[in-house]
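# What would the 3D arrangement of this be:
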Amino acid sequence: MDERAWWDLIEDARAEAGEHADDRDSPDDPLIGLVTDRLLALDGPGIVAFDATLTRILDTAYRRPLWNAAYLIEGGCGDDGFMDFRAGLALLGRDVFTRAVDDPDSLADVPTVVRMAKEDKGWIGAEGLLYAAVKAYERVIGEREAFDTAVEAALASMQGLEQPLGETWDVDDDAENRRHLPRLAALFL
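The predicted structure is shown next:
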């Protein structure tokens, strides 16, 4: 599955989710289920390809400035939280994801982020997306052991990042946050 097909699957699920597509905090959040439904229509190799492409896409967002933006938005963000944040960012769609990778301060335009700042409601993180493919694979194939091996093989040629890319700063320093992420700082500080 190439990136275009991957994003098409996400956008198709978002379109079906309608007004519920952007907020993972909603108790009736349908989006991960809709993504999983689409994965169930694929064969085993297709599901593996979805997960491998997810890894590649999320790795493009493994950047310190974006991590610092997530820290500011969420009031803290560790390793696992940043993985969930990037997954949720992908569920916001290709345009939002790409803009955020290029300019993390652009997240100040995302309605869920604005709501998080003003109402202390909303959430971006989507841990469930990280497990959607393995759950679908298990339902389609009947077991999950082969899934991890197949994903590892699909990613064998990919050089993963050990450390996030980009400039960092002290995320607990309000002045630094205002300098690097002025629009997000205006919302959250």
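# then the strand or helix carrying Asp148 to CSV, C-alphas only?
In this assignment (DSSP states H and E), Asp148 forms part of helix 145-155. Output in CSV follows, covering the C-alpha atoms of helix 145-155 (Å, rounded to 0.1, in the frame of the first residue of the first chain):
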residue,chain,number,x,y,z
GLU,A,145,1.8,-14.3,15.2
ALA,A,146,2.6,-13.9,11.5
PHE,A,147,1.6,-10.2,11.6
ASP,A,148,4.6,-8.9,13.5
THR,A,149,7.0,-10.9,11.4
ALA,A,150,5.4,-9.7,8.2
VAL,A,151,5.4,-6.0,9.3
GLU,A,152,9.1,-6.3,10.3
ALA,A,153,9.9,-7.8,6.9
ALA,A,154,8.0,-5.0,5.2
LEU,A,155,10.0,-2.4,7.1
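# Measure how far that helix is from the centre of its chain, please.
Here helix 145-155 is found 21 Å from its chain centre; the criterion is CA atoms, centre = their mean, to the nearest Å.
# before we move on, what about stretch 168-187?
22 Å.
# mind exporting the helix or strand that comes right after the helix holding Asp148 as PDB, just the C-alpha atoms?
Helices and strands here follow DSSP H and E; after helix 145-155, the next one along the chain is helix 174-180. Taking C-alpha atoms only, helix 174-180 is exported to PDB below (Å, rounded to 0.1, in the frame of the first residue of the first chain):
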ATOM      1  CA  ASP A 174       7.300  29.800  28.500                       C
ATOM      2  CA  ALA A 175       9.400  32.400  26.800                       C
ATOM      3  CA  GLU A 176      11.000  29.700  24.500                       C
ATOM      4  CA  ASN A 177       7.500  28.300  23.700                       C
ATOM      5  CA  ARG A 178       6.300  31.800  22.800                       C
ATOM      6  CA  ARG A 179       9.400  32.200  20.600                       C
ATOM      7  CA  HIS A 180       9.100  28.900  18.800                       C
END
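# I appreciate the help and will end here.
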